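*Asks:* Compute the structure for the input listed below.
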Amino acid sequence: MALGNGLRIVWLDTYIGVMGEYIALKKQFQNAAEPVASMPPGGINELICCIEENVAPIEFVSTIDDALALIQYETDKRIIWISSGTLGEQIIPKIVSEYPRVYFFYIFCGYVQRLVEWALDHEYENMMKIVDTEPVLLVHLTRDMSNDIIKLGESYMKLLDGKSAEKCFVAAQKLEKNANAVDSLRNCAPLLTRLSMLEGPNGLIQKAQDLNGSQS
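*Replies:* From the prediction side, this is the model:
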C-alpha cells in the first residue's frame, strides 16, 4: 500500500494517453536513443509500479487541460508534476501561480542547459529537477521519495511507533532496490548509501523491528 495517501503524481505526456497503462510509455523507452534503447521496458514498468505501490498513484494524462482538471479535482492532495520541457514551459508558470499544492516538478528534455536557464530566470530552481531522459527522471524521483520515506520512518521512531517506522523503511528499501535495478540496465553503479542505512543488524529496518518487538 502506498504511504503517500495525501500525495499524487501527475505525469503529462502527449504519447501516453491512457491513464494507468504503460504500453505506450514502454514503447517510448524502446524507441529512444542509446543507452535507453537497449533497456528492457519491464525494468521501467516495474519501477513505475514500485512507485505506485510504495509512494503514490501516478496519474497519466495526455493534454494540459486534462492535467489542470486533475489538479483542480485533487484539492486535498499534494502533487508532484512530471512532463517534458516543452509542455512544462507552457503550463508551469500558471501552475506555480495558481496551484501551490503542486510543490515539485520533474522535467525531462533534450536540451537541459536551456531549460535550466529558463528555470533560473523564473526562480524555479528550488522546486524543479531537470534531466535529459525519462529513465533518469524516474530514478531521481524514486530516490527522492525513498529519502522522504526514510525521514518519515525516523519520525515514527521518535514517536516510538516501530510498526509504522518499519513500513516506511521497508518501502524505502524496495524503492532503492528498484532504482538500482534500472541503473544497472543503464550500466550505472548502484547507489548503496541508503541501503546500508536500512539493512543489516544495525540498520533502520532492524531497529524498527526491535522497537516494535519491545512493545509487544
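
*Asks:* Look at Pro201 and give its secondary structure.
*Replies:* Here Pro201 is coil, with the state taken from DSSP: H, G, I helix; E, B strand; the rest coil.

*Asks:* Over to Asp76?
*Replies:* coil.

*Asks:* show me what contacts it?
*Replies:* Shown in contact with Asp76 (CB atoms under 8 Å, 6 or more residues apart in numbering): Gly6. Placement of C-beta: from N, CA and C, glycine included.

*Asks:* quick one, phi/psi of it?
*Replies:* phi -100, psi 10 (degrees, to the nearest 10).

*Asks:* State the distance from it to Lys177.
*Replies:* 31 Å (CB to CB, to the nearest Å).

*Asks:* Show me where this protein dips below the pLDDT cut-off.
*Replies:* 1-5, 15-45, 215-216 (pLDDT under 70).

*Asks:* Find the centremost residue of it, please.
*Replies:* Centroid-nearest residue in the chain, with CA atoms, centre = their mean: Leu141, separated by 3.0 Å.

*Asks:* Could you look up the SS state of the spatially closest residue to His122 that is not a sequence neighbour?
*Replies:* Excluding the flanking residues, the one nearest His122 by CB to CB, 6 or more residues apart in numbering is Pro93, at 6.7 Å. Secondary structure state of Pro93, per three-state DSSP, is helix.

*Asks:* Renumber starting at 887 from here on
*Replies:* Renumbered: residue one is now 887, and that last one reads Pro979.

*Asks:* from what I can see Pro979 touches Glu1009, true?
*Replies:* No: assessed by CB atoms under 8 Å, Pro979 is found out of contact with Glu1009, at 11.0 Å.

*Asks:* So if I had to pick from those two, which one is more boxed in?
*Replies:* Between Pro979 and Glu1009, counted using other CB atoms under 10 Å, the more crowded position is Pro979 (12 against 9).

*Asks:* Quick one: residues contacting the nearest residue to Leu898 once chain neighbours are set aside.
*Replies:* Distance criterion CB to CB, 6+ apart; nearest residue to Leu898, sequence neighbours excluded, is Ser969 at 4.1 Å. Taking CB under 8 Å, 6+ apart as the contact definition, Ser969 lies against 897-899, 953, 977, 991, 993.

*Asks:* Where do the strands of the chain begin and end?
*Replies:* In the chain, the strands defined using DSSP state E lie at 893-898, 944-947, 964-970, 988-994, 1014-1017.

*Asks:* Also compute the angle for the third one relative to strand 893-898, please.
*Replies:* Computed with axes from the mean of the first three to the mean of the last three CA atoms, to 10 degrees, the direction of strand 964-970 lies at 20 degrees from that of strand 893-898.

*Asks:* Would you mind putting the CA coordinates of strand 964-970 into PDB?
*Replies:* Extracted as PDB, the C-alpha positions of strand 964-970 are listed here (Å, rounded to 0.1, in the frame of the first residue of the first chain):
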ATOM      1  CA  ARG A 964       0.000  17.500  -2.600                       C
ATOM      2  CA  ILE A 965       1.100  17.000  -6.200                       C
ATOM      3  CA  ILE A 966       4.300  16.200  -7.900                       C
ATOM      4  CA  TRP A 967       4.400  17.100 -11.600                       C
ATOM      5  CA  ILE A 968       6.200  15.300 -14.400                       C
ATOM      6  CA  SER A 969       6.400  16.500 -18.000                       C
ATOM      7  CA  SER A 970       8.600  17.200 -20.900                       C
END
